[in-house]
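Colleague: This is a predicted model, with the sequence first.
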Amino acid sequence: MILVRYEQLVREPEQTLRKLYDEFGEPWFGHDLDNVVYDEPDYDVLLGMPGLHSVRRKVEYRERKPCIPPDLFAKYAGSSFWSKPGLNTGGVKIL
């Protein structure tokens, strides 16, 4: 298993993808990171969460506010167990 941090992917998309390709032992395939298009409006409406799978065209970091209540965000913000060596018992690779 390989975990790709969202922040890493959006801040350094090409470098992160290159590392992922290296991990898979695959040759690099160039991606147009300024022209990514994906949406699932019908599925999102069925989930009651319109826009959930809407992807912005350009892969880039944008500051955003959490969409969950602040107390829940604070409670779980530091619970990334996979990034703590003693808790990552499966040896998940983190990019």
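Modeller: Looks like it arrived, so ask away.
Colleague: drop to CA atoms for contacts and neighbour counts, all remaining ones
Modeller: Fine.
Colleague: for this protein, what's the longest helix?
Modeller: If you go by DSSP state H, the chain has its longest helix at helix 13-24.
Colleague: Give the other helices and strands that the next helix or strand after that helix contacts.
Modeller: Counting by DSSP states H and E, the next helix or strand C-terminal to helix 13-24 is helix 41-47. The contact analysis (3 or more C-alpha pairs under 8 Å, 6 or more residues apart in numbering; DSSP states H and E) places helix 41-47 against no helix or strand.
Colleague: hang on, the earlier thing: give me the contact list for the longest helix of the chain.
Modeller: Val4, Gln8, Leu9, Pro27, Trp28, His31, Leu33, Val59, Glu60, Leu95 (C-alpha atoms under 8 Å, 6 or more residues apart in numbering).
Colleague: Which among the residues you listed count as buried?
Modeller: Leu9, Val59, Leu95 (16 or more other C-alpha atoms under 10 Å).
Colleague: got a list of what Leu87 touches?
Modeller: Residues in contact with Leu87 (C-alpha under 8 Å, 6+ apart) are Phe81.
Colleague: What strand or helix carries it?
Modeller: For Leu87, there is no host helix or strand (DSSP H and E).
Colleague: ok, back up a step: pLDDT-wise, what's the bottom of the contacts of helix 13-24?
Modeller: On pLDDT alone, Leu95 ranks lowest of these, at 88.
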